[in-house]
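> turn this into a structure:
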Amino acid sequence: MSVLESRRFQLAANPGLSRTAAYDEDGRADILSNRAFEVARSEITSWTGYQETPLRSLSGLARELGIRQVYYKDEGGRFGIGSFKALGGAYAVFRLIQKEIERKTGKQVHAAEILSGAYRDVVSRMTVTCATDGNHGRSVAWGAQMFGCRCVIYVHETVSEGRCAAIEQYGAEVRRVPGNYDDAVRQADQDANSNGWFVVSDTSYDGYVSVPRDVMQGYSVMVDEALRQMASPPTHVFVQGGVGGLAAAVCAHLWQCYGSRRPVYVVVEPEKADCLYRSALAGKPVAVHGALDTIMAGLACGEVSLLAWQILRPGADAFMTMSDEAAAEMMRILADGHFGDQPIVSGESAVAGLVGVALAATDRDARARLALGPDSVALVFGTEGATDQDIYRQIVGRSADQVRAAA
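Next comes the predicted model:
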């Protein structure tokens, strides 16, 4: 049985997995917690334009894979930004502004008070910055525009002009730097230190952990939505890697909800940017150097977020890598509505988890190792829509509007 022609992948059980450990042990609750999630949910759901994104049923694909069901959380319409990142970057911008207002005035305020313009004198003097492959920077720029501060976004040399333009439309200044994503992270941090700016990064490193916590906590809103939209918990969850922030946020929420009975959890990465996979094998964070030249631009990261690693090291069941060709194939499968499913517009980075399900379910050894069977229900997160229209058209063969029209 084969769904994808590009069947190249690697699967490794996580040697650091601790299924019986309580989530609150080893400082994990200081990174992400139910209490902080409730705060994030209260704020984010109060923003203008908030609505739950749909959970798509891929029943036809599930039948082809020999499992009960596949659910695809479609983030392409989130806040009009086009990706789940709207939940993280913009929320972290709000939290930075909230803390700066409290530092200067002694008052703890909510988003509505900032949006009213009551603290314009404080907010307008702030500049937020970050490095991005596209979606995170777009979210930070949107958050800065919404709350009224200045924004400078750093992109590396292979980020497309379409993604840069999407960031600039929210009033941000975009600066391109040589090298890869991790080089852009370092440049943003250096310039922020020189200019007194506020870094809103989705990755954590030595001395920088507070803001990435807020970014990841914002992502938890998406996970909560998905679980409430399902009639019963999933048996398996496959989530894309990157620096690990999304994967850790999903893992933490599942762990807090279900404890040792949480779903089998698999982290999936591009084979050209597999820092989490390599870190799992080594038992410690391992950096991947070079161009990280994958079509999955949002996952083209070579260095693991230290906070994310504290959760994924004991929390993930397995790590997996897959090819660019498989990602492109899956985008076309979703766009074409193969197997009788409704057509879906998905970006390059959105399909990694779904590719992982398809590859594992159709490989005898991987299927057995992950306990995938006729009663399995897989949840994946379609983290972005067509965030670069030209690239989407090149891969799929038609525009996102044409796919939507056929849905």
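> residues touching I344, list them.
By CB atoms under 8 Å, 6 or more residues apart in numbering, the contact set of I344 is 56, 72, 74, 76, 334-335, 337, 382, 403, 407. The way it works is simple: take the backbone N, C-alpha and C, and place the C-beta from them, glycine included.
> by pLDDT, give me the weakest of these.
Ranked by pLDDT, the contacts of I344 bottom out at A407 (77).
> how far does the longest helix along the chain sit from its chain's centre?
Longest helix in the chain by number of residues, with DSSP state H as the criterion: helix 210-229. What separates the centre of helix 210-229 from the centre of its chain is 10 Å, taken as CA atoms, centre = their mean, to the nearest Å.
> please list all residues in contact with the closest residue to M230 other than its chain neighbours.
Excluding the flanking residues, the one nearest M230 by CB to CB, 6 or more residues apart in numbering is Y71, at 6.5 Å. With contact set as CB under 8 Å, 6+ apart, Y71 has these partners: 55-58, 226, 230, 234, 377-380.
> quick check: angle from whichever helix or strand comes after the longest helix of the chain to helix 210-229?
Per DSSP states H and E, the first helix or strand lying C-terminal to helix 210-229 is strand 236-240. For strand 236-240 against helix 210-229, the angle by axes from the mean of the first three to the mean of the last three CA atoms, to 10 degrees is 140 degrees.
> could you give the angle of the very next helix or strand once past strand 236-240 to strand 236-240?
Downstream of strand 236-240, the first helix or strand assigned by DSSP H and E is helix 245-258. Direction vectors for helix 245-258 and strand 236-240, defined by the same axes, to 10 degrees, enclose an angle of 160 degrees.
> how far does helix 245-258 sit from its chain's centre?
Worked out by CA atoms, centre = their mean, helix 245-258 lies 12 Å from the chain centre.
> just checking, what packs against it?
Judged by 3 or more CB pairs under 8 Å, 6 or more residues apart in numbering; DSSP states H and E, the packing partners of helix 245-258 are helix 210-229, strand 236-240, strand 264-270, helix 306-315.
> coming back round to it: Throw the contacts of I344 into TSV and include neighbour count and distance to V215, thanks.
TSV is the format used below for these (neighbours: other CB atoms under 10 Å; distance: CB to CB, whole Å):
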residue	neighbour count	distance to V215
R56	18	25
Y72	27	23
D74	23	21
G76	23	20
L334	26	27
A335	24	30
G337	16	33
G382	29	19
V403	24	30
A407	10	31
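> in strands, which of the residues you listed appear?
Among the contacts of I344, the ones falling in strands (DSSP state E) are 56, 72, 74, 382.
> many thanks, I have nothing further to ask.
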